[in-house]
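*Asks:* Next comes the sequence, and after it the predicted model I'd like to discuss.
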2 protein chains.
Amino acid sequence: MNVEPESLEALIAEFASLPSIGQKTARRLAYYILSRSKGDVERFAGNMVRAAELVHSCPVCHAFTDQERCPICTEREGSKAICVVEKSSDILPFERSGIFKGLYFVLGGVISPLDGVGPEQLHLPQLINRIKDEGIEELVLALGSSPEADSTALMIDRMLAGVSVKRTRLARGIPMGSDLEFVDEVTMLRAFEGRVSL
Amino acid sequence: MNVEPESLEALIAEFASLPSIGQKTARRLAYYILSRSKGDVERFAGNMVRAAELVHSCPVCHAFTDQERCPICTEREGSKAICVVEKSSDILPFERSGIFKGLYFVLGGVISPLDGVGPEQLHLPQLINRIKDEGIEELVLALGSSPEADSTALMIDRMLAGVSVKRTRLARGIPMGSDLEFVDEVTMLRAFEGRVSL
């Protein structure tokens, strides 16, 4: 017998549509929601709708913000360094480490023909224009380490042919605290190739 | 710099309050919500509130339902077998297997003095009354395998002293498809103690 009420099934389906949430976890989360007070559930649902209403992409850098322009674009206007990331949440580790004090630019993904993402789906022309118009001096590419990210970086490099801007990418190697025994072969290859003198 | 809008932080906190969702997963889920259409988010939030409004405990067996009485209590009224489980979602594997065609009773937990759960927090008196009033002939205890579940089962057994009802509990042993090498010692102990003749 189908023992789950239809409204509960609908909520399980919503949770199961989230990334990294399988059917079993979705069911556990939905049952947990039912165990909470009606006020708690309404606050959760309200916060969800409110975030979707208030948060939008910064028109300058495409990071998520609830203001007209994001605080970084506002406070660091005129900076000559720009860091290019795939998605808005990639900005967090930079700001947490405090190592970079420049501007950011969220590309919106990387070129991936298999997934139907071409240069026109990304904010590539806007990036190139910003670099030229604002006299950017250093471009840090922080696009992840997939082959798609590599070819996107290569395309950006080509689009900037003739433009005088220093181009760097993040170093690749062994992450802090990792056991060498469990390092994958590509990481080891990159770490060995990029070995530095003592 | 704090780069996350306040409304996004609030949504991350809501997801992080769910069981088995840590801070990192909560952030990923909240960012994912922002990447969905406003219509999708409103439907998700609406389904959450709707489930909390419509779903309640069946007054007879305490399983979640959106009807006055749950479908199992309605369709199997008069059955003389009752299966006692801790929580509503524990009913699903029974109904999926199709092995049990009787009634259920959701106890609402197990006795656990350390967590402040005594007999009065559970639906124990209602269970005992049902067994007596409805002339139940078999009681299947399916309360999990923790020491708390065992002592709750023992208490139910004592409360039924003098009542003529067959009492069983689920068999304990090696689950299907498991590699003997990785079976924990308590499961092995139970499986060996409960070994059956070929």
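*Replies:* Received, thanks. Residues are numbered from 1 along each chain as shown, chains lettered A, B, ... in the order given.

*Asks:* Please tell me how far residue A:64 sits from residue A:95.
*Replies:* Per Cβ to Cβ, to the nearest Å, residue A:64 is found 13 Å from residue A:95. C-beta here means a position set from N, CA and C on the backbone, and glycine is covered the same way.

*Asks:* Which of those two has more residues huddled nearby?
*Replies:* Neighbours per residue, other Cβ atoms under 10 Å in any protein chain shown: of residue A:64 and residue A:95, the larger number sits with residue A:64, 25 against 16.

*Asks:* What about residue A:150, how many residues nearby?
*Replies:* 15.

*Asks:* same check, this time on residue A:23
*Replies:* By other Cβ under 10 Å, neighbour count at residue A:23 equals 11.

*Asks:* For the nearest residue to it once chain neighbours are set aside, which residues are in contact?
*Replies:* Excluding the flanking residues, the one nearest residue A:23 by Cβ to Cβ, 6 or more residues apart in numbering or on different chains is residue A:16, at 5.5 Å. Shown in contact with residue A:16 (Cβ atoms under 8 Å, 6 or more residues apart in numbering or on different chains): A:22, A:23, A:26.

*Asks:* same deal with residue A:112?
*Replies:* residue A:148.

*Asks:* Strands of chain A, residue ranges please.
*Replies:* For chain A, the strands defined by DSSP state E occupy A:56-57, A:64-65, A:81-85, A:103-106, A:138-142, A:166-169.

*Asks:* Just want the most central residue of chain A.
*Replies:* Against the mean C-alpha coordinate of chain A, by Cα atoms, centre = their mean, the closest residue is residue A:87 at 2.4 Å.

*Asks:* Might you report the residue contacts of that one?
*Replies:* The neighbours of residue A:87, taking Cβ under 8 Å, 6+ apart as the test, are A:106, A:108, A:109, B:31.

*Asks:* Skip the chain neighbours and tell me the closest residue to the first one.
*Replies:* In this case it means residue A:106. Leaving out its chain neighbours, the residue that sits closest to residue A:106 by Cβ to Cβ, 6+ apart is residue A:62, at 3.9 Å.

*Asks:* thinking the one you found is in contact with residue A:109, fair?
*Replies:* No. Using Cβ atoms under 8 Å, residue A:62 is not in contact with residue A:109, being 10.8 Å away.

*Asks:* When these two are compared, which one has more neighbours?
*Replies:* Comparing residue A:62 with residue A:109 by other Cβ under 10 Å, the one with more neighbours is residue A:62, at 23 against 17.

*Asks:* Can you add mean pLDDT and give the strands of chain A back as TSV?
*Replies:* What follows is these, written out as TSV (pLDDT from 0 to 100):
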stretch	mean pLDDT
strand A:56-57	94
strand A:64-65	95
strand A:81-85	95
strand A:103-106	96
strand A:138-142	93
strand A:166-169	91
